[in-house]
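# Please work out how this folds:
(one chain, ligands or ions: 1)
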Amino acid sequence: MDLETAKKDFRDVVEKLHAFQHAMGIMEYDALTTAPSDSAEGRGKSMGILSRYTYDLTAGEKTQQAVAYLKEHLDELDELTAREVTEFDKRNEYTRSIPADEYVRYRMLLNDADAVWHKAKENSDFASFEPLLQEIFDSNKRFATYYKPDEDPYDVLLDRYEKGMNKEMLDKFFSGLREKIVPLIKQIAEKEQIDSDFVNLPYPIDKQKEFSSYLMDVIGIDKTHCIIGETEHPFTTGFNRKDVRITTHYHLNDFTRSMYSVIHEGGHALYELHSGAKYDGTAIAGGSSMSIHESQSRFYENLIGRSREFIGYIFPKLREIFPEQTAGHTAEDFYRAINKSEPSLIRIYADELTYPLHIMVRYEIEKAVMSGKAEVKDLPELWNEKMKEYLGVDVPDDRNGVLQDSHWSGGSIGYFPSYALGSAYGAQMLYHMKKDFDVAADVAKGDISRVTGWLTERIYQHCRMYDPGDLLKMACGEEFDPHYFTDYLTEKYTDLYDL
Ligand code: ZN
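Residues are numbered from 1 along each chain as shown. Have a look, this model is predicted:
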């Protein structure tokens with residue numbers, strides 16, 4: 001083996017993996033948007049075969065030899081290739097530690113689980129999903145142990161989504177949030193609630209689609225590189241920086257649900273669309289981490305999209321598209337309606353203030369199952385107990401409870417904390433952005449370009465060149481500090497509810 005051969009072999013694998021992931025990504029996107037509901041079987045088989053190829057490519061001897069050689073000659077590589085090799089190796093070490101047959105079986109299990117979860121959710125029938133969920137949790141626990149036998153399995157999974165994250169840090173983070181958020185929720189409960197009835201009038205779906213298209217324009221999404229599809233649980237997928245897909249779900253009697261899905265997923269899309277061209281097709285293309293990605297979706301959704309200035313700017317368009325539904329209401333009415341805070345059942349439709357408590361429920365459940373303190377069969381009960389304890393709400397059925405999210409059926413154990421961390425990262429970024437220019441004045445004019453420019457310069461263009469903690473530090477000039485987030489929430493809700 002020599003350096004040139006090793007580099008060529010490595011590049012060849014990275015390119016082939018991109019192609020396989022592209023194909024499988026399209027199949028996944030199709031499954032979740034337009035494929036017929038009873039079509040999982042054939043797709044599962046094809047996915048199994050394609051997964052086998054990607055596994056062999058990643059874990060194959062030729063790849064291992066090239067990577068091992070390059071790892072020994074890191075100082076002879078340029079900065080980008082060196083980072084690619086290190087990242088590639090780290091990411092695949094986990095997959096490699098899983099026996100091939102088990103890996104393929106797991107990929108097929110996830111394919112089945114998605115279809116079963118959809119039906120279980122529709123029928124509010126946890127029992128039908130339980131055996132698969134048990135297998136997903138068991139598999140993840142086993143995989144974590146194959147990878148790092150001496151470490152706590154849940155810590156291993158958390159670190160995969162957010163490098164450096166563990167239970168100890170999250171326990172501290174969440175208890176800090178709870179300490180600030182719960183008193184605000186209690187104070188709000190004693191105040192007169194905001195009237196938001198007009199957003200729950202019927203807003204025809206075809207008009208909502210028109211509004212979605214407008215919102216994509218306002219936040220600066222280039223539609224020649226990004227389209228919107230419809231799905232049960234909105235998500236974004238990016239195949240490369242010139243082909244990104246966002247999705248939404250339209251609700252006739254609450255158009256704000258789709259509105260904020262579009263802006264949230266639009267935030268993810270902006271990240272992908274503005275990633276650095278020099279990283280195209282490399283092993284470090286894409287976002288730095290799940291939390292950094294969520295910091296961006298939640299940045300546009302909440303810090304921008306739920307701001308008074310943004311609402312002031314888009315309200316005339318809303319009036320134009322829905323004149324009857326919005327008659328007699330002002331932009332301020334709408335601002336208050338979309339920021340109304342009240343404990344509720346569904347995470348993705350929760351307001352900014354109660355949202356982190358929804359994440360806490362999931363975090364604590366994952367922690368309990370992974371440590372063996374709770375069993376999968378008891379999850380509905382545990383879920384309902386925690387929702388009562390943290391949010392004071394009674395869960396009527398599993399559809400509105402433990403079955404609401406797609407993450408567990410997709411095998412994403414350890415992902416949820418990313419949302420809360422992302423919200424906190426975003427608030428810290430906004431604080432520093434405001435020191436550079438008048439963010440509110442730009443947003444009031446409907447001009448998001450400097451916002452996206454600031455984030456592109458500091459976050460998007462760098463792809464996975466830096467670990468999330470380092471990237472945040474580079475962007476903000478300081479370590480992660482959750483107090484910006486709790487300060488932001490306190491200020492916003494004190495103003496809204498006159499606390
Ligand atoms: Zn998201």
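# For Trp408, which three-state class applies?
coil (DSSP: H, G, I helix; E, B strand; the rest coil).
# tell me the contacts of the closest residue to it other than its chain neighbours?
Excluding its sequence neighbours, the residue lying closest to Trp408 (C-beta to C-beta, 6 or more residues apart in numbering) is Leu133, at 5.9 Å. The way it works is simple: take the backbone N, C-alpha and C, and place the C-beta from them, glycine included. Listed by C-beta atoms under 8 Å, 6 or more residues apart in numbering, the contact set of Leu133 reads Ala113, Val376, Leu379, Trp408, Ser409.
# go on, Ala368?
By C-beta under 8 Å, 6+ apart, the residues touching Ala368 are Ala374, Leu382.
# Can you identify the element that follows whichever strand or helix holds it toward the C-terminus?
Counting by DSSP states H and E, the element that carries Ala368 is helix 355-370. As assigned by DSSP H and E, the chain's next helix or strand after helix 355-370 is helix 379-391.
# and the following helix or strand past that next one with helix 355-370, angle?
Proceeding N to C from helix 379-391, the next assigned helix or strand is helix 417-436, under DSSP H and E. Orientation of helix 417-436 against helix 355-370 (axes from the mean of the first three to the mean of the last three C-alpha atoms, to 10 degrees) gives an angle of 150 degrees.
# Please save the CA atoms from helix 417-436 in CSV.
C-alpha atoms of helix 417-436 as CSV (Å, rounded to 0.1, in the frame of the first residue of the first chain):
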residue,chain,number,x,y,z
PRO,A,417,-32.2,15.7,23.6
SER,A,418,-30.9,17.2,20.4
TYR,A,419,-34.1,19.3,20.1
ALA,A,420,-33.8,20.9,23.5
LEU,A,421,-30.0,21.4,23.1
GLY,A,422,-30.6,22.9,19.7
SER,A,423,-33.1,25.4,21.1
ALA,A,424,-30.6,26.5,23.6
TYR,A,425,-27.7,26.7,21.1
GLY,A,426,-30.0,28.8,18.8
ALA,A,427,-30.8,31.3,21.6
GLN,A,428,-27.0,31.7,22.3
MET,A,429,-26.4,32.3,18.5
LEU,A,430,-29.1,34.9,18.3
TYR,A,431,-27.7,36.8,21.3
HIS,A,432,-24.3,37.1,19.5
MET,A,433,-25.9,37.8,16.1
LYS,A,434,-27.7,40.7,17.6
LYS,A,435,-24.4,42.3,18.6
ASP,A,436,-23.4,42.3,14.9
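# for that helix, which positions count as buried?
Buried positions in helix 417-436, judged by neighbour count with 16 or more other C-beta atoms under 10 Å: 417-431, 433.
# For this protein, which segments count as strands?
Taking DSSP state E as the criterion, the chain carries its strands at 226-230, 236-240, 243-248.
# Let me know which of these is the nearest to Met165.
Nearest to Met165 among the strands of the chain is strand 236-240; the distance by C-beta to C-beta comes to 21.9 Å.
# Taking strand 226-230 as reference, get the angle to that closest one.
Going by the same axes, to 10 degrees, strand 236-240 makes 140 degrees with strand 226-230.
# which parts of strand 236-240 are buried?
Residues Thr236, Thr237, Gly238, Phe239, Asn240 are the ones in strand 236-240 that count as buried (16+ other C-beta under 10 Å).
# which residue sits closest to the third one in space, ignoring its chain neighbours?
Setting aside the residues directly before and after it, Gly238 is nearest to Glu272 in space (C-beta to C-beta, 6+ apart), at 3.6 Å.
# List the residues that contact the one you found.
With C-beta under 8 Å, 6+ apart, Glu272 has these contacts: Thr236, Gly238, Arg241, Val244, Gly286, Gly287.
# now do 6 Å
Contacts for Glu272 (C-beta atoms under 6 Å, 6 or more residues apart in numbering) come out as Gly238, Arg241, Val244.
# Check Ile359 too.
Applying C-beta under 6 Å, 6+ apart to Ile359 gives the contacts Phe416, Tyr419, Ala420.
# For these, give me JSON lines that also has distance to Asp159 and pLDDT.
Putting these into JSON lines (distance: C-beta to C-beta, whole Å; pLDDT from 0 to 100) gives the following:
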{"residue": "Phe416", "distance to Asp159": "15", "pLDDT": "96"}
{"residue": "Tyr419", "distance to Asp159": "17", "pLDDT": "92"}
{"residue": "Ala420", "distance to Asp159": "16", "pLDDT": "93"}
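# Ile185: which of these is nearest?
Closest to Ile185, out of all of these and judged by C-beta to C-beta, is Ala420, at 15.5 Å.
# Please look at that closest one and Pro356 and confirm they touch.
Yes. Shown here, Ala420 and Pro356 form a contact pair, counting by C-beta atoms under 6 Å, at 4.7 Å.
# Now do the same for the closest residue to Phe198 other than its chain neighbours: its pLDDT.
In space, and not counting its chain neighbours, Phe198 is closest to His329: 5.5 Å by C-beta to C-beta, 6+ apart. We have a pLDDT of 97 for His329.
# do the one 4 residues further on as well
If you check Asp333, the pLDDT there is 98.
# go on, Asp447?
97.
# same thing with Trp117?
In this model, Trp117 is scored at 95, pLDDT.
# tell me, how many neighbours does it end up with?
Using other C-beta atoms under 10 Å, Trp117 has 23 other residues around it.
# got it, and the one 10 residues further on?
One way to gauge burial is a neighbour count; for Ala127, by other C-beta under 10 Å, it gives 11.
# Quickly note the distance from it to Glu385.
Per C-beta to C-beta, to the nearest Å, Ala127 is found 19 Å from Glu385.
# what's the answer for Asp397, then?
Applying C-beta to C-beta to Asp397 and Glu385 gives a distance of 15 Å.
# same deal with Ala59?
Distance from Ala59 to Glu385, by C-beta to C-beta: 42 Å.
# Those two: which is more packed in?
Regarding Ala59 and Glu385, a neighbour count based on other C-beta under 10 Å identifies Ala59 as having more, with 18 against 13.
# Spatially nearest residue to the more buried one (excluding sequence neighbours)?
Once flanking residues are discounted, Ala59 sits nearest to Arg96: 4.7 Å by C-beta to C-beta, 6+ apart.
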